[in-house]
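Asks: output the structure for:
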Amino acid sequence: MTRFALAVPRCVALVVLSVAGFAYGHFLVLGATMVIAYPLATAGQFRLTALARRLARAWAGADLPAPVRSPPPTPHRREDGWYAHDGTLYKSPRVPAFLLKLEHHSKDPTLAREWLWLILTPVTGAVPILVPPALIAAGVLLLASPPWAFAWSVPAGVGAVVAAFLLAPWALRAYGLWAGVLLGTGKPPQTAVSRWVTWTSAATWRGAGLAGLSLAAFGGLLLNLLTAALSWGGLLPYTLPVTRSLVELYRRQVGRWTGRDLPGPYRPYPPSPSPGEDGNYRIGRVLYTDLPAAVQAQRPGWLFGDPATWRDQLWSLGSVVLAPLSLAPAVLVGFGFYGLFCQPLTWAGWAVPIGLFTGYWATPFYLWFGIEHVGLVAPWFPDWASMPVGLVMALLGLGLAGPLMRLRLAWDRLLLAPTAATVLASRVAHLATTRADAVDVQAAELRRIERDLHDGAQARLVAVGLGLAAVARLMETDPVRARRVLEQAQETSSAALAELRDLVRGIHPPVLAERGLGDAIRAIALDTPLPVDVDVDLPGRLGAPVESAAYFVTCEALTNAARCAAHISVSLSYRDGVLRMVVSDDGPGGADPAKGTGLRGIQRRLATFDGTLTLHSPPGGPTVVTMEIPCASSLPRTSTS
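Replies: Numbering: from 1, shown residues only. Below is the predicted model of the structure:
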């Protein structure tokens, strides 16, 4: 019974504490602007939040241990008696100690969470503990009303008071849960509400950023229209790339912020024209004697004939309508936060002296909230209404952020994404390129095999034949010499056999065919003169062409790494239909495919299977080569070594 009786006054005390914390949190804003008073203001915040933790533990049953705060560092005195801080010398330690304290407070994550608790508690955490006092006040008013005015006033008043005492312990418990979110020493729990707020907040400001980029693209459209009107379209080939560059920047930001890739749908620049029989270059109906002039003459046809150019202009025109919609959530959230946190600074009475500093610059915002200082709205609009109005506006802005972002992405996909015809054309061009690369690789491989056979095994086999012919002639006249020639022929045949075996291994290693990719890479690692760590995580055998390509690109990467590294690591894994090979070394870095380090050959071999190569090689190392091949696992595992 005592618990129910004491719960109501405790709710009232916590409401008073929340209001005091709200006021003090706004005074902290003034303390932050007045740097000298900031340490004193934060000291008061520490005491206020310590009191809130003690009351939440004692009254609400919240598990809120006191945070462990490390003391700020003390200034170090130099041998000459001066104190140094950020390259400046001070005779007294007071100024360096003050600056160190400011830096220490700015890096304290608990300080920011406590300030959020002071600001947000009256709007969120104090709502449950306001219910019991409000019910008691309503019950007292009903009991004080004349009995003949409302026949139900007495039972309703008694019911309200009883409900207040019954709900008070639960209200305290809800307050304790809220206090644990920001005043707890651990990381705030990730709930569905917090995840929603995080996602919608990001969508709000990212939508505003995308709206700004789309308005910049609309400015490029206006530039194109003005250029077309003044030059009769003659300068459009020089201004259209401006819009294209802005749209490309927009595409990159969409991919970075939303994870939705919008690949460029533009046609590639046409190849340089070939000279005709008369040595001139024909572009349309015009002949050019200079190749650079002919290449430049292709530019208008390339731009005007690309449908993506005009789709960009149409998208920029439609962005004029979507940009205000994308900005609306940010505007609503901004005004909402102003009503929650900044507008109370101007309230008379408790806001002095803060209101003296903020009342004038805050005047433009009164147009939104309807404060009577502007004189454009009804004077009965109360100042305190800015908080609930601000909360509603902020929630409305957050709620609109997601749907408006999806609407913008739908519009972007409609006009900025490649069409089916463009995708098909790029796919055909990619396949033509990879087919040409595959033919070149195959031709180079055949030439290598032919060269190795001609210069190696074939020459040795010819020498064996000549040696055997010499043995036949010397058998009767000089048996000793014939025996030596026969031994030389035997050694030559053994060398020819070894070369043939090496040649076969270069075409398709037997260990790869018999034991699979993992064991083949382990065998290569054992033959490497450097320590090589191999990590294999493959579900089984892959297709023979994929295994062969993966084997040779990994060997090439190992060969490149062995030139300048002391230790190499190789990782093979298969996830989600992608074979991933990672070769890393501790070399000096600075690898570049343009320098002819074999990476271009790796790229061509991977491109045949729609594979990719990613290189990370900063100056100083390390170098990490990541190769990926989309494929399917086909056979069960054959080796566990």
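Asks: now the strands: where do they sit in this protein?
Replies: 83-85, 88-90, 281-283, 286-288, 532-537, 540-542, 568-575, 578-585, 612-616, 623-630, 633-636 (DSSP state E).
Asks: which elements pack onto the third one?
Replies: Spelled out, that is strand 281-283. With contacts taken as 3 or more Cβ pairs under 8 Å, 6 or more residues apart in numbering; DSSP states H and E, strand 281-283 sits against strand 286-288, helix 291-304. For glycine as for every other residue, the C-beta is placed from the backbone atoms N, C-alpha and C.
Asks: what strands line up against the first one, and which way round?
Replies: This points to strand 286-288. strand 281-283 (antiparallel) (DSSP bridges).
Asks: what's in contact with the strand it pairs with?
Replies: 273-276, 287-291, 294, 297-298, 301 (Cβ atoms under 8 Å, 6 or more residues apart in numbering).
Asks: what is the mean pLDDT for the lengthiest helix in the chain?
Replies: As assigned by DSSP state H, the longest helix anywhere in the chain is helix 192-231. Average pLDDT, helix 192-231: 85.
Asks: run the chain-centre distance for it.
Replies: 19 Å (Cα atoms, centre = their mean, to the nearest Å).
Asks: residues of it that come out buried?
Replies: 200-201, 203-204, 206-211, 213-218, 220-221, 224, 227 (16 or more other Cβ atoms under 10 Å).
Asks: what is that helix packed up against?
Replies: The contact analysis (3+ Cβ pairs under 8 Å, 6+ apart) places helix 192-231 against helix 236-258, helix 307-337, helix 386-415.
Asks: okay if I get those as TSV plus mean neighbour count, distance to residue 21 and mean pLDDT?
Replies: Shown next, in TSV, are the helices and strands packed on helix 192-231 (neighbours: other Cβ atoms under 10 Å; distance: least, Cβ to Cβ, whole Å; pLDDT from 0 to 100):
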stretch	mean neighbour count	distance to residue 21	mean pLDDT
helix 236-258	18	35	86
helix 307-337	19	18	86
helix 386-415	18	15	85
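Asks: neighbours of residue 75, how many?
Replies: 19 (other Cβ atoms under 10 Å).
Asks: and it, its phi and psi?
Replies: phi -70, psi 150 (degrees, to the nearest 10).
Asks: that one touches residue 83, doesn't it?
Replies: Yes - at 4.6 Å, residue 75 counts as touching residue 83 under the criterion of Cβ atoms under 8 Å.
Asks: joint contacts of the two?
Replies: 90, 93, 96.
Asks: distance-wise, check the nearest residue to the first one once chain neighbours are set aside relative to residue 96.
Replies: Once flanking residues are discounted, residue 90 sits nearest to residue 83: 4.6 Å by Cβ to Cβ, 6 or more residues apart in numbering. Going from residue 83 to residue 96 by Cβ to Cβ, to the nearest Å gives 5 Å.
Asks: again with residue 627
Replies: Distance, residue 627 to residue 96, using Cβ to Cβ: 54 Å.
Asks: give me the buried subset of the contacts of strand 281-283.
Replies: Buried, going by 16+ other Cβ under 10 Å: 273, 288, 294, 297, 298, out of those.
Asks: make a markdown table from those and add distance to residue 541 and pLDDT to it.
Replies: Converted to a markdown table, these look like this (distance: Cβ to Cβ, whole Å; pLDDT from 0 to 100):
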| residue | distance to residue 541 | pLDDT |
| --- | --- | --- |
| 273 | 50 | 80 |
| 288 | 57 | 79 |
| 294 | 53 | 82 |
| 297 | 55 | 80 |
| 298 | 50 | 80 |
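Asks: which two in the residues you listed are spaced the farthest apart?
Replies: 288 and 298 (10.1 Å; Cβ to Cβ).
Asks: what's the overlap in contacts for the two?
Replies: Residues touching both residue 288 and residue 298 by Cβ under 8 Å, 6+ apart: none at all.
Asks: residue contacts, residue 603?
Replies: Here residue 603 is in contact with 593, 613 (Cβ under 8 Å, 6+ apart).
Asks: to clarify, my last question referred to residue 308.
Replies: 264, 265, 266, 267, 418, 422.
Asks: which of those residues tops the neighbour count?
Replies: Neighbour max across those (other Cβ under 10 Å) = residue 265, 22 neighbours.
Asks: not counting sequence-adjacent ones, nearest residue to it?
Replies: residue 418 is the one closest to residue 265 (Cβ to Cβ, 6+ apart), at 3.7 Å.
Asks: residues touching that neighbour, list them.
Replies: 263, 264, 265, 308, 426.
Asks: my guess is the third one contacts residue 413. True?
Replies: No - with contact defined as Cβ under 8 Å, residue 265 does not count as touching residue 413 (11.3 Å).
Asks: sorry, back to before: let me have the contacts of residue 308 in TSV, extended by distance to residue 391 and pLDDT.
Replies: Below are the contacts of residue 308 laid out as TSV (distance: Cβ to Cβ, whole Å; pLDDT from 0 to 100):
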residue	distance to residue 391	pLDDT
264	43	79
265	44	82
266	46	83
267	51	79
418	44	79
422	47	68
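Asks: ok, the closest residue to residue 52 other than its chain neighbours - contacts?
Replies: Nearest non-adjacent residue to residue 52, counting by Cβ to Cβ, 6+ apart: residue 17, 6.2 Å away. Residues near residue 17 by Cβ under 8 Å, 6+ apart: 48, 51, 52, 55.
Asks: among the residues you listed, which ones are buried?
Replies: By neighbour count, with 16+ other Cβ under 10 Å, those hold 48, 52, 55 as buried.
Asks: pretty sure the first one contacts residue 19?
Replies: By that I understand residue 48. No - Residue 48 is beyond contact range of residue 19, at 11.8 Å (criterion: Cβ under 8 Å).
Asks: find the residues that touch each one of these two.
Replies: By Cβ under 8 Å, 6+ apart, no residue touches both residue 48 and residue 19.
Asks: now residue 66: phi and psi?
Replies: Dihedral angles (degrees, to the nearest 10) for residue 66: phi -70, psi 130.
Asks: now do the contacts for it.
Replies: 50, 53.
Asks: repeat that for residue 121.
Replies: Residue 121 sits next to 18, 21, 22, 178, 179 when contact means Cβ under 8 Å, 6+ apart.
Asks: one more pass at 10 Å, please.
Replies: 14-15, 17-19, 21-22, 25, 52, 127, 129, 175, 178-179, 182-183 (Cβ atoms under 10 Å, 6 or more residues apart in numbering).
Asks: ok, residue 469 to residue 482 distance?
Replies: From residue 469 to residue 482 the distance is 11 Å (Cβ to Cβ).
Asks: and the two? which has more neighbours close in?
Replies: Taking other Cβ under 10 Å, residue 469 and residue 482 do not tie; residue 482 has more neighbours (18 against 12).
Asks: if we ignore the residues flanking it in sequence, what's nearest that one?
Replies: Using Cβ to Cβ, 6+ apart, the closest residue to residue 482 is residue 474 (3.8 Å).
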